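**Student:** Fold the following and give me the result.
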Amino acid sequence: MGFYNKLFAFVKTHSFIKTAGIFSTGLITALLAVWFFGYISIDIDGITVRAALAPSRTGITELHFPPFGVITARTHQGPVKLILTLEQIDSDFLKDQLTNTPDNKNLLLRLQKGIKDSVYFFALRQFVIALIIALLVILVVWRTNFKTALLHALLCTVLLSVPVAYAVSTYDSQAFNEPEYKGVLSMAPSVMEFVSNSLTDLHAVKENTDKIVTNFRKLFINADNLMVMANAEDQPKIVKVLLVSDLHSNPVGVEFIKSTAERFQVDFMINAGDLTDFGTATEFEAIKELEDIKIPQLFVAGNHDNPEIIDIVKKLNNFTVLNGQIVTIYGIKVTGFADPLDDSTAVQFENTEEGQQIMADEALHIRTALKEQDRPDILVVHNNSLGLKLMSLASVTVSGHNHQLQVKQQQGSVFINPGTVGAAGLRGLYSEEGKAYSAVIAYLIPNSGLIAMDLIDYEPASNQFSLQRKVVQPVPESEPAL
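**Tutor:** Now for the predicted structure:
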C-alpha cells in the first residue's frame, strides 16, 4: 500500500505525468460511461427502441427484435456500432396501421427520418453523459481544482466525440434498404415481400372478401338445383359430416365453413388441422368465430398448430381435440392423431431424411395404437402422405396438408383430402391467381359406412363454383375389405 502512495505522490509532483494521468483517467472514464451508461429509450413514430453505442471495427447499426433475431446494415463510417433494441410498439400506432391502408413509401420515409433525428439527439446526450462522469471521476481520483478537472474532462470528451461525430455525419438510414438478417429473421426478405404486396392490395382484398362471402350465401341458397344425383341425404339414418382442413387464419374460410354447415345441415365437423400459419393467439382472433358454429367439431392438430393453438382450441365450446382416443358421435366412431410437428414451433423438418424417419415412426405408432382398438369408421391425420399409407386402417381416412382436393377408393377404404377451406390462408387472399376454397360433405350410415360424398369447390378468381356428388361403390363380396 505504501508503494502506491509513493507512486501517486511522485506523479502529483511531476506536472507532465500528472497531466497525462488525468487525461488518461478522463478518456477511459468517458469511454466506459458511453458504453455502459449511455443507453436511452427513443420513440420513433410509435415504436420504442433502446439505443446504445459500442466499439466496432465497422460502422454498423444493429436492430434487435427479441426473440426473433437481428437486422444489421452498414449505415456510417467510423469505429462505432449503434445498437437499437425493440422495447414496445404503441397500441394506437398498431391499430392505425391495421385499420387504415398504410402508405408504405411514406411510412418508410417517416421511420428513416425518425431514426436519423434520434441519432443526432442520442449523440448529443452521449457527449453530455461522458463529460459529466469524466469530470466527477477526475475530481474524486485526482482531487484537482474544478477548473482543471473540467478542462481535462471537456478535452477527453471532445476527443472521444470525434469518431461519434464522424459516424453521425456519415449516417445513412437508407442503408436498411439492403440489410442483413440473423436468427429467425433470416426469412424476412420473403416475408417482407409478402407483407408489402398484401398492404398494397389491401383495398382490393377487402372488396374481394365481401364479394366472396356474398357469393357463398347465394351459391348455397341455390345449391338444391345441383343436388339431384343420388339424394343421399334423403335416405334413413344418414349422418352428414363436414370435412375441412388448412384454414390458415383466413376469416373468409370461416364464413365458408359456416355457410356450408348451415346449408347442408351437417351433424358434426372434422377439421384435419392447420388452423393458423404461425401458431399465434393473435392469428386465432381472425378465426375465433368458429366457436359460433353450433355443432360438434373434432380437431386434429397440423404442422402449423403449436401447443399454444391447441390449448386455445381445447377451451372452445363444441370442440374436441383428437390425439389417439376414439370419439363416437351419432354412431360414427372417429379417431385422430396429431401431426408430429404439433409440439414445436417448426412447420417443417430440418432435412428430408429426418422427416421420412419421423413419419415412418408415426405410422408404426398409429398402426400399433389401432390394433388395440376397434376399427374406426373415420381416421384423421393431417399429413396426406401419411393418410394414404394408413387408409386401410379405417373405412374413411381424412387428411389435408397439401391443399389439394382428392378422393381415392381402395378395397373398401376411402381416402379423402378436403383440400384447403381457407384457400391456402391469407396467401390465397393476396394471390393474383386466387386459390380455391374447398370442403367435402361425407354421408355415412352407422355400422354400414360411407355411401356418398359432396365435393365442394369455389374459385374466387374465376367465380366458378362446383358441387360434385360421388357415390361410393360397394365392395364386392368376393373382395373383402382390409
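
**Student:** Show the subsequent helix or strand relative to the one helix or strand Leu32 maps to.
**Tutor:** Per DSSP states H and E, Leu32 falls inside helix 15-37. With elements assigned by DSSP H and E, the helix or strand that comes after helix 15-37 is strand 40-44.

**Student:** what helices or strands is that following strand leaning on?
**Tutor:** For strand 40-44, the packing partners by 3 or more C-beta pairs under 8 Å, 6 or more residues apart in numbering; DSSP states H and E come out as strand 47-55, helix 104-142. The way it works is simple: take the backbone N, C-alpha and C, and place the C-beta from them, glycine included.

**Student:** Can you tell me which of these has the worst average pLDDT?
**Tutor:** Of all those, the minimum mean pLDDT falls on helix 104-142 (a mean of 73).

**Student:** any idea how the chain splits into domains?
**Tutor:** Domain assignment for the chain by automatic domain parsing gives 13-196, 204-471.

**Student:** hey, least reliable of those by pLDDT?
**Tutor:** When these are compared on mean pLDDT, domain 13-196 scores lowest, with a mean of 72.

**Student:** ok, back up a step: mind putting the domains of the chain in CSV, mean neighbour count included?
**Tutor:** Putting the domains of the chain into CSV (neighbours: other C-beta atoms under 10 Å) gives the following:
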stretch, mean neighbour count
domain 13-196, 16
domain 204-471, 19
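
**Student:** all strands of the stretch 201-350 of the chain, in order?
**Tutor:** Applying DSSP state E, counting those that start in this stretch to the stretch 201-350 of the chain gives strands spanning 239-244, 268-271, 297-299, 319-321, 326-329, 332-337.

**Student:** mind listing the helices in the protein by residue range?
**Tutor:** 2-13, 15-37, 91-99, 104-142, 146-169, 188-200, 202-221, 251-264, 281-284, 307-314, 352-371, 384-390, 426-430 (DSSP state H).

**Student:** Just grab the bridge partners of the closest residue to Leu84 other than its chain neighbours for me.
**Tutor:** Nearest residue to Leu84, sequence neighbours excluded (C-beta to C-beta, 6 or more residues apart in numbering): Val49, at 4.5 Å. Applying DSSP bridges to Val49 gives these bridge partners: Ile42, Leu86.

**Student:** dump the residue contacts of Val49.
**Tutor:** Val49 makes contact with 41-42, 63, 84-87, according to C-beta atoms under 8 Å, 6 or more residues apart in numbering.

**Student:** could you say what helices and strands the helix holding Leu32 packs with?
**Tutor:** Here helix 15-37 touches helix 2-13, strand 47-55, helix 104-142, helix 146-169, going by 3+ C-beta pairs under 8 Å, 6+ apart.

**Student:** residues making contact with it?
**Tutor:** Here helix 15-37 makes contact (C-beta under 8 Å, 6+ apart) with 10-12, 52-55, 126, 129-131, 133-135, 137-138, 141-142, 144, 148-149, 152-153, 155-157, 159-160, 164.

**Student:** Now the residue nearest the centre of the chain: closest residue in space, sequence neighbours ignored.
**Tutor:** With distances taken as C-alpha atoms, centre = their mean, Phe278 lies nearest the centre of the chain, 3.1 Å away. Nearest residue to Phe278 in three dimensions, chain neighbours excluded: His304, at 7.4 Å (C-beta to C-beta, 6+ apart).

**Student:** again with Gly59
**Tutor:** Closest residue in space to Gly59, ignoring its immediate chain neighbours: His76 at 4.0 Å, by C-beta to C-beta, 6+ apart.

**Student:** just Val334 next, same as before
**Tutor:** Spatial nearest neighbour of Val334, chain neighbours left out: Ile378 (4.5 Å); criterion: C-beta to C-beta, 6+ apart.

**Student:** contacting residues for the one you found?
**Tutor:** Per C-beta under 8 Å, 6+ apart, neighbours of Ile378: 241, 270, 332-335, 394-398, 442.

**Student:** So what pairs up with it in the strands?
**Tutor:** Bridge pairing for Ile378 (DSSP bridges) gives the partners Val334, Val396.

**Student:** repeat for Val239
**Tutor:** With DSSP bridges as the criterion, Val239 is bridged to Leu444.

**Student:** isn't it right next to Asn447, touching?
**Tutor:** No - between Val239 and Asn447 there is no contact under C-beta atoms under 8 Å: 10.9 Å.

**Student:** and for the two, which residues touch both?
**Tutor:** Gly331.

**Student:** How much space separates Tyr166 from Phe23?
**Tutor:** Computed as C-beta to C-beta, to the nearest Å, the Tyr166 to Phe23 distance reads 21 Å.

**Student:** Next: Lys147.
**Tutor:** Relative to Phe23, Lys147 is positioned 15 Å away (C-beta to C-beta).

**Student:** And for Asn383?
**Tutor:** Taking C-beta to C-beta, one finds Asn383 at 70 Å from Phe23.

**Student:** Ser392 too?
**Tutor:** Using C-beta to C-beta, one obtains 85 Å as the distance from Ser392 to Phe23.

**Student:** Also Thr61?
**Tutor:** 31 Å.

**Student:** now swap in Arg50 and tell me
**Tutor:** 31 Å.

**Student:** what does Lys240 give?
**Tutor:** Counting by C-beta to C-beta - Lys240 and Phe23 are separated by 88 Å.

**Student:** Quick check: the farthest pair among the contacts of Ile378?
**Tutor:** Farthest apart among the contacts of Ile378 by C-beta to C-beta are Thr335 and Ala442. That separation is 15.4 Å.

**Student:** which residues are in contact with stretch 366-374?
**Tutor:** Against stretch 366-374 from outside (C-beta under 8 Å, 6+ apart): 324, 326, 333, 335, 337, 376, 379, 381, 390, 393-394.

**Student:** for these, which one is nearest Gln348?
**Tutor:** Val381 (16.5 Å).

**Student:** Spit out the contact partners of that closest one.
**Tutor:** Residues counted as contacts of Val381 (C-beta under 8 Å, 6+ apart) are 272, 300, 336-337, 339, 366, 387, 390, 397-399.

**Student:** how about the residues you listed in CSV, adding distance to Asn318?
**Tutor:** Shown next, in CSV, are those (distance: C-beta to C-beta, whole Å):
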residue, distance to Asn318
Ala272, 17
Val300, 16
Gly336, 16
Phe337, 21
Asp339, 22
Ile366, 26
Gly387, 24
Leu390, 27
Thr397, 24
Val398, 18
Ser399, 22
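
**Student:** ok, Gln409 touching Gln473?
**Tutor:** Yes - with contact defined as C-beta under 8 Å, Gln409 counts as touching Gln473 (6.7 Å).

**Student:** Understood, closing this out.
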